[in-house]
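Visitor: Got a predicted structure plus its sequence, pasted below:
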Amino acid sequence: MQFDLVTPEKLLVSDSATYVSIPGSEGSFGVLEMHQPTLSTLNPGKVVVENGDKVKEYFVSFGFADVTGEKVTILTEESVLKAEINVDETTAELAEANARLAQLMKSSAPEADVEVATKKVQVLEAKLNVARA
């Protein structure tokens, strides 16, 4: 089946796959060829793409997965190949994001600002989990 991984900036991956594991918002699920058509929101996490004996792992943030019998398309805000995640850089970003969130929660910041900061922390935590898995 066809596998496409897309961010707002570009098409990151367009390749064949025999199996794709997707971090859906209602739980991770696997897709084989001829899977029932499905549209799912994503939680930040790991996408595993198998093609024969080749396996590639990607981090994805929030987004959507569109599954048909012949194609899997993942549309996500951010994605990176697991091997390319810089753990030290991501750890530093997470520390900054946690500090920002704590600051917002102590102030009378608008709820929308707190929600954005919370999602940033969730994404960075998931990115680290993928890198360390």
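Guide: Here it is on my side, so go on.

Visitor: residue at max distance from the center of the protein?
Guide: residue 108 (30.7 Å; CA atoms, centre = their mean).

Visitor: Checking my notes, that one in a helix, right?
Guide: No. Counting by DSSP: H, G, I helix; E, B strand; the rest coil, residue 108 is not part of a helix but coil.

Visitor: quick one: it from residue 115, how far?
Guide: Using CB to CB, to the nearest Å, one obtains 15 Å as the distance from residue 108 to residue 115. Heads up, the C-betas are built off the backbone N, CA and C, glycines and all.

Visitor: now residue 71
Guide: Computed with CB to CB, the distance linking residue 71 and residue 115 is 33 Å.

Visitor: got it, and residue 78?
Guide: Between residue 78 and residue 115 the distance is 17 Å, computed by CB to CB.

Visitor: which of those two has more neighbours?
Guide: Neighbours of residue 78 and residue 115, each counted by other CB atoms under 10 Å, are more numerous for residue 78; the result is 15 against 11.

Visitor: okay but the more buried one is in contact with residue 120, surely?
Guide: No. Taking contact to mean CB atoms under 8 Å, the distance of 10.8 Å between residue 78 and residue 120 leaves them out of contact.

Visitor: Overlap of the contact sets of these two?
Guide: With contacts taken as CB atoms under 8 Å, 6 or more residues apart in numbering, not a single residue reaches both residue 78 and residue 120.
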